[in-house]
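>>> structure, please.
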Amino acid sequence: MNNQNNKMDIQARNIAEHWLEELAFTTATGNLHAHMALVSRQVKVIGLPGKKLVDYQGWKKRRHNEFSKKLLHSLSYRLVNILLHKEDNLLFTVIETMKSSQGQIIIVDKAITLSLEFDGKWRVVEERIERVELK
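Numbering: from 1, shown residues only. I've put the predicted structure just below:
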């Protein structure tokens, strides 16, 4: 049983890390289509300062603005911590570092829920922002 749990933990970490790598890559390359393919149509972002809730259209509009004006230089991630892993659902916490093209750094502690959707792709269905720090 313990070996099975370790295998599931490794699988969950690989899924989370691969998804984060894809998110960072699509941001660095400014590929909005590929970036939005990582986001569920049912996504909800909760806890952004000054915002009630961000949905799919809000996410797409924000990224379109950041990519077209080259405002967002990069995203990077550290300290992935898997909290829950089911066959079609994955919850983890992570620290995201956003770097703007002007050099501003924003650190975001967040919990991310990924869901395995009908087409076999893992997509974010919820992000819960816990803390935002401007550097």
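
>>> going forward, measure contacts between C-alpha atoms and count neighbours the same way
Fine.

>>> tell me the helices and strands packed up against the longest helix belonging to the chain.
When the chain is scanned for its longest helix (criterion: DSSP state H), the result is helix 2-28. Counting contacts by 3 or more CA pairs under 8 Å, 6 or more residues apart in numbering; DSSP states H and E, helix 2-28 packs against helix 32-36, strand 72-86, strand 89-100, strand 122-134.

>>> in it, which residues are buried?
Neighbour-count burial for helix 2-28, counted by 16 or more other CA atoms under 10 Å, picks out D9, A12, R13, A16, W19, L20, L23, A24, F25, T26, T27.

>>> before we move on, back to that, in CSV, list the helices and strands packed on helix 2-28 along with mean neighbour count and mean pLDDT.
Listed next are these as CSV, based on neighbours: other CA atoms under 10 Å; pLDDT from 0 to 100:
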stretch, mean neighbour count, mean pLDDT
helix 32-36, 16, 98
strand 72-86, 16, 95
strand 89-100, 19, 97
strand 122-134, 18, 96
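
>>> how about those, which one is nearest V54?
V54 lies closest to strand 122-134 among those, at 9.5 Å (CA to CA).

>>> tell me the angle that closest one makes with helix 2-28.
Between strand 122-134 and helix 2-28, the angle comes out at 70 degrees (axes from the mean of the first three to the mean of the last three CA atoms, to 10 degrees).

>>> partner strands of strand 122-134, with direction?
Within its sheet, strand 122-134 is paired with strand 39-46 (parallel), strand 105-116 (antiparallel), according to DSSP bridges.

>>> got the ones you listed as CSV, with distance to E133 columns?
Formatted as CSV, the strands paired with strand 122-134 follow (distance: least, CA to CA, whole Å):
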stretch, distance to E133
strand 39-46, 16
strand 105-116, 5
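
>>> is it correct that L20 is in contact with R78?
No. Here L20 does not reach R78: they are 9.8 Å apart, not a contact under CA atoms under 8 Å.

>>> assign W59 to helix, strand or coil.
helix (DSSP: H, G, I helix; E, B strand; the rest coil).
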